[in-house]
Structures are given as C-alpha cells and as structure tokens.
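Asker: 3D model of this:
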Amino acid sequence: MTGSKTAVLLKKVNKRYFLRNSFDNKPFLALQNINLKIKQGEKIAILGDNGAGKTTLLKMIAGIAEPSTGQVKTSGKVVSLIDITAGFHQEFSGRENIYLNAILLGLRPKNVKNLEQEIIDFAGLGEFIDQPIYTYSSGMVLRLGFAVAIHAQPDVLILDEGIIVGDQDFQKKAYDSVEEIFAKGKTIVLSSHMLPLLKRLCQRFVWLEHGQIMMDGGQEVLLEYKKHRANLQIENLPSNKNASLLFDFLKNLPIGEKFVATASSGSMEPLILKGDEIEVERVDFANLKKGDVIAFWNDALQNVVVHRFYKLEQGKIVTKGDNNLVADVGYVEKENFLGKVSGF
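Answerer: Below you'll find the predicted structure:
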C-alpha cells in the first residue's frame, strides 16, 4: 500500500559528463532537469531505450553517483541492485565478503550471522563459500552479491534487470525473491525492457528519452511507450541484395562451425537487442533443448532472426521470444534452422 510520506525526491537534477577527446569540450547531458517524487510503498518503473538515462537515474537515487546540479533525497535504507559487487574484496573468502557487504548495506553483524546460511544457499556456492573471491567466476560473484543485497531488508530497493544472472533456475529464484519484496509494500524503483514484467509489478511508469522525462503516470505511459517501441521494431531494414546466397552459405556450414550475424528482430529483448551481433553455432537439429536460443532464416525479412526454442509440433519448431511487443510465437521450418546462439 502506498503511504503519504516521501521515500525519494529529486529536484531539478542534472547530470553531465565531459567526454574525452572532445575538441569543443562540450558536456554530455545524461539527465536534464529531472523532478521526481516517489511515495513510500510505490512501485515505479523507469522506461526508456538504451542510452535514455535509466541507469544514471537509478545511480542518483542509490547514491552511487552525485548530480551535477539539483538535489536528491531518500528516506530509509536504500539498497541498490545495480553494481552489486562493488564492495567485494578479492582476497577475502565468499563468507567474509558476505559480512563485509552486508555491513556496508547497513545490517548488524548479529543479523548477518542469522542470515549467513540462507545467503549461501541462495547463491548456490556450497563448498566454494570459503574460497577467496578471486577464484570465483564472474557469475558466482554476481550471484553472491545478489544474494547479500536481496537479504538486506531494504526500505527502498533499486533494481536494474541486468543483474539477474546465472542459469534459468537461478534467474527464476532471483525474480521470485524480487516479487516477494514487491508484496511486502516496500518502495521499488525498477528499470527493465521486459514490459510484461513491469505491467504486472508496477503501478506507475516514468518514460525517459535523452535524459528527460517524457511522461509520468499510469498504464497510459506504458501504452505510449509500447507504441514508440513498436514503431522502432517495424523500421525498414537495409535491403539484403544477396540474401539467397547468404542463406545458402550459412545453411551449408558444417556442424560445429560458428558464424556471426546481426539480429534483425527485437523479440529477444532484453537479452538480445535488435542490431546486436550474435554468435551462432551450427548444431544438430535433434540435439535442441527447450529454452535454447536459436537462429533461423526468415523469408519475409530476408535475414537471420533469433527466438527461444519452445517445442516441436508437427515437424515444425515452435519458438517464443522474450518480448511481447510483437508477435512472439513463431513456427520455423526445419530447413530454415541455422543453429544455436551462444555467448550472449
């Protein structure tokens, strides 16, 4: 339930950066004249394309960055899930870093002790918890950072979806824990490209464009932003004069061979954006598993499209994207299948 007290207040906030090697020394304005008031218990989504200023705004609220001009005020314990490994010490063990990070987030040592095993189990580190952090993979470090932050009992939680890492099981556990915090009436500020998730979790939406607030309100903001995104999705792609030759070449690559292509659809956002370069490995069609991200040839677009493999149905691949802005479900003929996307 939303309260009457203010949890976050931004007044005339500007953030500028001076770009290196800029001949005229002209600053880049990441945020421009931001005025934003968030009440306790509000669930607010920050919308915007890449480079719109979403992460910069979240960093202002979290106290990670300072405004060039203007004021930022917050009430209660603010926990940020943006740069969640910033407080880790490489020489310390995972267990020692739990205490270090949790205390930096405002927890008392006694409370950390009570939560210690729960954090370890959540991160899935098991026998590795007493090894130094420098021996961890990047995914292990991020899982530990997420586990500590999510157990820090915040009054205001700042979320950037980029921190949801790991395999599908951990991602589900991460999202479930975030939804639990939503249900507890905490103040949440969330940035994400996953519009269906935002629609389900948030009541208020702020749309940023070039560092400025375009709209601030309810579902009508989400609808307008979806129209904006849909227009971007259907922009004319550059003509591919040698499309048939390209497809024949890719189709005849041997199993195990890899190639790089440009994603011509945005339906796999936020993992893969339209225009991203993707690495595709030719694999045996019979070895596909549910959840694999596959590349296939789209005759209408005359280009490579990526979707998530869902199931086989009457000899065709049924696919689903991760973005509901355009038609998600697709049917791929076996002969159009190109390979499995890796390294994203």
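Asker: tell me how many other residues surround the residue lying closest to residue 53 once chain neighbours are set aside.
Answerer: In this structure, residue 53 finds its nearest non-sequential neighbour in residue 211, 4.1 Å apart by Cβ to Cβ, 6 or more residues apart in numbering. C-betas here are computed from N, CA, C, even on glycine. Residues contacting residue 211 under the criterion other Cβ atoms under 10 Å number 22.
Asker: try residue 78
Answerer: Neighbour count of residue 78, defined by other Cβ under 10 Å: 21.
Asker: hey, what's the residue lying closest to it once chain neighbours are set aside bridged with?
Answerer: Leaving aside its sequence neighbours, residue 78 sits nearest to residue 156 (Cβ to Cβ, 6+ apart; 4.5 Å). Per DSSP bridges, the residues bridged to residue 156 are residue 78, residue 187.
Asker: residue 156 reaches residue 80, doesn't it?
Answerer: No: using Cβ atoms under 8 Å as the test, residue 156 is too far from residue 80 to be in contact (9.1 Å).
Asker: how about the helices in the stretch 101-250 of the chain?
Answerer: All helices of the stretch 101-250 of the chain, identified by DSSP state H, counting those that start in this stretch, fall at 109-123, 138-150, 168-183, 195-201, 219-233, 243-251.
Asker: mind giving me the packing neighbours of the fifth one?
Answerer: To tie it back to what came earlier, the one meant is helix 219-233. Where contact means 3 or more Cβ pairs under 8 Å, 6 or more residues apart in numbering; DSSP states H and E, helix 219-233 is packed against strand 43-47, helix 195-201, strand 204-209, strand 212-217.
Asker: from residue 73, how far out is the residue nearest to residue 78?
Answerer: As judged by Cβ to Cβ, to the nearest Å, residue 156 and residue 73 stand 11 Å apart.
Asker: highest mean neighbour count out of the helices of the stretch 101-250 of the chain?
Answerer: When neighbours are counted by mean count of other Cβ atoms under 10 Å, the highest per-stretch mean among the helices of the stretch 101-250 of the chain falls to helix 138-150, a mean of 22.
Asker: what does that helix contact?
Answerer: 79-81, 84-85, 88, 94, 97-98, 101-102, 105, 119-120, 122-125, 128, 133, 136, 163-166, 170, 174, 177-178, 181 (Cβ atoms under 8 Å, 6 or more residues apart in numbering).
Asker: now it, how far from the chain's geometric center?
Answerer: Relative to the centre of its chain, helix 138-150 is centred 15 Å away, using Cα atoms, centre = their mean, to the nearest Å.
Asker: what's the angle from it to helix 168-183?
Answerer: Here the directions of helix 138-150 and helix 168-183 differ by 20 degrees (axes from the mean of the first three to the mean of the last three Cα atoms, to 10 degrees).
Asker: state the mean pLDDT of helix 138-150.
Answerer: In this model, helix 138-150 has an average pLDDT of 85.
Asker: okay, the angle between it and helix 109-123?
Answerer: Going by the same axes, to 10 degrees, helix 138-150 makes 140 degrees with helix 109-123.
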